[in-house]
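Asks: Structure here, sequence nowhere to be found:
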């Protein structure tokens, strides 16, 4: 077993333009923003992004880094529609594969289990099939003969997630109420990088929390980054909530102006509440 700790910039140094990159979290909740910020400071571009989208998608879209987006939605939660994503999408800045939330989840499951697809009922008879003409259906080989959507595996070159705690070996702990499928992102990707609020000794992970809180296993993790406040301005329950003031500022400020302060860490230095 080896020490997998690294910096955010070291994580990004392993990424390449043209990659398919998964980003964990959900909307404006527990997004790996320290890693996204490091990515935005790099010259990595032409990305296929797989995400239950929030400001991660909005920022990468505004910066022109996305070639294709695979998403079930892109929202800031308390601000329903992510404005920077909307502007980029309306300008036709990238290709979009828009899936039902359940279809997206089963695409992650398929990739995590190294299957080419999984059959789902979600999407049958809906406009999901119309806006995604590449989707195929499959008929059950059993007596029922039911037709399903064959959701393709959402495989990724790399995944970025943020958790509450981790050890140096790559075991990651979720102390909040919802895992947001971060474990599936790590399992579905060829490499996975976990940022966390605090790196602790392995024994400490279960000292005050049950074993079930160990969401991500070290066998799926390539690198661990200690990043206090690393989800800011999104939430990271129970450590801190969403910084609504900074989020409103992000949503109402032209991207170049906001980026000049955010990427330099000026807004990040505010204490999360």
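Replies: Perfect, I can see it now. Bear in mind the structure is a predicted one, so any value in this text is a computation, not a measurement.

Asks: what's the distance between residue 261 and residue 249?
Replies: 9 Å (C-beta to C-beta, to the nearest Å). For glycine as for every other residue, the C-beta is placed from the backbone atoms N, C-alpha and C.

Asks: ranges for the strands of this protein?
Replies: Using DSSP state E, the strands of the chain run over 20-23, 47-53, 66-74, 95-98, 117-120, 136-139, 147-152, 156-166, 172-173, 189-199, 214-216, 223-226.

Asks: if I pick the nearest residue to residue 236 once chain neighbours are set aside, what's in contact with it?
Replies: What sits nearest to residue 236 in space, not counting adjacent residues and going by C-beta to C-beta, 6 or more residues apart in numbering, is residue 30, at 5.2 Å. Residues near residue 30 by C-beta atoms under 8 Å, 6 or more residues apart in numbering: 24, 162-163, 176, 180, 182, 231, 234-237.

Asks: what do you get for residue 19?
Replies: 44, 47-48, 157-158.

Asks: Please repeat the previous calculation with a cut-off of 7 Å.
Replies: Shown in contact with residue 19 (C-beta atoms under 7 Å, 6 or more residues apart in numbering): 47, 157-158.

Asks: same thing with residue 262?
Replies: residue 37.

Asks: Repeat that for residue 234.
Replies: Applying C-beta under 7 Å, 6+ apart to residue 234 gives the contacts 25, 28-31, 33, 54-55, 242.

Asks: For those, which single residue is the most surrounded?
Replies: When neighbours are taken as other C-beta atoms under 10 Å, the top entry among the contacts of residue 234 is residue 31 (32 neighbours).

Asks: Quick check: phi and psi at that one.
Replies: phi -90, psi 140 (degrees, to the nearest 10).

Asks: circling back to that earlier point, the strands of the chain into CSV, with extra columns for distance to residue 80, mean pLDDT and mean neighbour count?
Replies: Shown next, in CSV, are the strands of the chain (distance: least, C-beta to C-beta, whole Å; pLDDT from 0 to 100; neighbours: other C-beta atoms under 10 Å):
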stretch, distance to residue 80, mean pLDDT, mean neighbour count
strand 20-23, 20, 98, 24
strand 47-53, 12, 98, 24
strand 66-74, 9, 98, 20
strand 95-98, 16, 96, 16
strand 117-120, 26, 97, 19
strand 136-139, 32, 96, 13
strand 147-152, 26, 97, 21
strand 156-166, 23, 98, 27
strand 172-173, 30, 98, 26
strand 189-199, 27, 98, 23
strand 214-216, 28, 97, 23
strand 223-226, 31, 98, 23
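
Asks: need the contact list for residue 236.
Replies: 30, 162, 164, 197.

Asks: Now, the contacts of residue 30 that are in helices?
Replies: residue 182 (DSSP state H).

Asks: Where does pLDDT dip in this protein?
Replies: 1, 265-273 (pLDDT under 70).

Asks: so what's the nearest residue to residue 123 once chain neighbours are set aside bridging to?
Replies: Nearest residue to residue 123, sequence neighbours excluded (C-beta to C-beta, 6+ apart): residue 149, at 4.2 Å. For residue 149, the beta-bridge partners are residue 120, residue 137 (DSSP bridges).

Asks: In this structure residue 149 contacts residue 126, no?
Replies: No. Assessed by C-beta atoms under 7 Å, residue 149 is found out of contact with residue 126, at 9.2 Å.

Asks: pretty sure residue 66 is touching residue 50, no?
Replies: No. Contact criterion C-beta under 7 Å: residue 66 and residue 50 do not qualify, at 10.9 Å.

Asks: Quick check: neighbours shared by the two?
Replies: With C-beta under 7 Å, 6+ apart, residue 66 and residue 50 have no common neighbours.
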